[in-house]
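Participant: build me a structure from this.
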Amino acid sequence: MGKIKSFFHKIDVGDTVSIVGLFLAIISFMVTNQNTNKSIQIAQTQASENAKQIKENNEEKESEQASQVACWLQPESKADNGSSTRTVIIQNSSRVPVYDVYILSTNNKSSDIFSEMTIEPSATIYIDTLRPGKTSVKIANSGSAMGGTRQSTAMTFKDINSHHWFRSPHGNLSEISEKKMKKTFKHLDIELPIFPYKD
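Facilitator: Numbers count the residues shown, from 1 in each chain. All right, here's what the predicted structure looks like:
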């Protein structure tokens with residue numbers, strides 16, 4: 001006990017201040033380090049969110065024209081009953097043309113995955129240049145089948161930036177590569193080239 005008292009008696013005011021200062025410096029360093037780590041985490045989160053937003057904006061910009069292109073079968077009228085063809089409406093609501101348009105005859109139960117579609121290869125229609133506005137074409141009538149299966153359409157096309165797109169039978173839009181498109185066409189027994197559509 002005497003030795004402890006002797007130790008504290010030997011510590012002067014200057015030493016005490018130094019020890020307290022060192023202690024405060026250590027605490028300050030720990031707090032600063034903790035705040036720095038939080039700041040880094042916040043910056044990393046913000047950078048990740050910014051990168052995600054930029055990617056979404058780029059994808060939206062990239063698909064801007066493609067999102068304005070679609071096709072659908074015109075509802076059958078009594079006059080169409082038993083007809084060998086049906087009318088397909090193709091809408092290009094953008095201000096510029098799209099190219100290498102393939103209209104595919106499929107059905108309402110077909111897959112929305114391009115390589116897994118069910119189609120009628122011989123009914124495929126090709127349009128080299130689709131101008132802005134509404135275009136009508138005739139496609140072979142495949143009729144209806146048991147179980148509520150009805151004829152539908154899908155399409156592929158190339159935008160002004162040479163990106164290829166697929167609009168599924170249910171209206172879903174996805175970008176595809178030209179190589180994959182031609183490979184799938186071959187798999188689906190679509191023989192290329194197809195002469196441009198003439199009414």
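Participant: C-alpha only now, for contacts and for neighbours.
Facilitator: Will do.
Participant: all helices of this structure, in order?
Facilitator: 2-10, 13-62, 178-187 (DSSP state H).
Participant: quick check: mean pLDDT across the longest one?
Facilitator: Read that as helix 13-62. Averaged over helix 13-62, pLDDT sits at 66.
Participant: also stretch 86-97?
Facilitator: pLDDT averaged over stretch 86-97 gives 96.
Participant: ok, what's across the strand from the residue nearest the centre of the chain?
Facilitator: Against the mean C-alpha coordinate of the chain, by Cα atoms, centre = their mean, the closest residue is Ser174 at 5.9 Å. Ser174 forms beta bridges with Phe166, as assigned by DSSP bridges.
Participant: distance-wise, check it relative to Asp189.
Facilitator: Using Cα to Cα, to the nearest Å, we find Ser174 at a distance of 22 Å from Asp189.
Participant: ok, Gly133 next?
Facilitator: 31 Å.
Participant: likewise Trp165?
Facilitator: For Trp165 relative to Asp189 (Cα to Cα), the value is 20 Å.
Participant: give me the more crowded residue out of the two.
Facilitator: Trp165 (23 against 13; other Cα atoms under 10 Å).
Participant: can you list the buried residues in the longest strand along the chain?
Facilitator: In the chain, assigned by DSSP state E, the strand with the most residues is strand 98-107. For strand 98-107, a neighbour-count test (16 or more other Cα atoms under 10 Å) marks Val98, Tyr99, Asp100, Val101, Tyr102, Ile103, Leu104, Ser105, Thr106, Asn107 as buried.
Participant: name the nearest residue to the fifth one, sequence neighbours excluded.
Facilitator: With Cα to Cα, 6 or more residues apart in numbering as the measure, Tyr126 is the residue that lies nearest to Tyr102, at 4.6 Å, once sequence neighbours are left out.
Participant: what's that neighbour in contact with, if anything?
Facilitator: Asp100, Val101, Tyr102, Ile103, Ile194, Phe195, Pro196, Tyr197 (Cα atoms under 8 Å, 6 or more residues apart in numbering).
Participant: for Glu64, see how far away it is.
Facilitator: Taking Cα to Cα, one finds Tyr126 at 23 Å from Glu64.
Participant: closest one to Phe29 out of the buried residues of strand 98-107, please.
Facilitator: Lowest distance from Phe29 to the buried residues of strand 98-107 (Cα to Cα) belongs to Val98, with 62.2 Å.
Participant: now that closest one: how far from Ile125?
Facilitator: 15 Å.
Participant: burial measure for the closest residue in space to Gly171 that isn't next to it in sequence, as a count.
Facilitator: Excluding the flanking residues, the one nearest Gly171 by Cα to Cα, 6+ apart is Ala70, at 7.5 Å. Ala70: 23 surrounding residues under other Cα under 10 Å.
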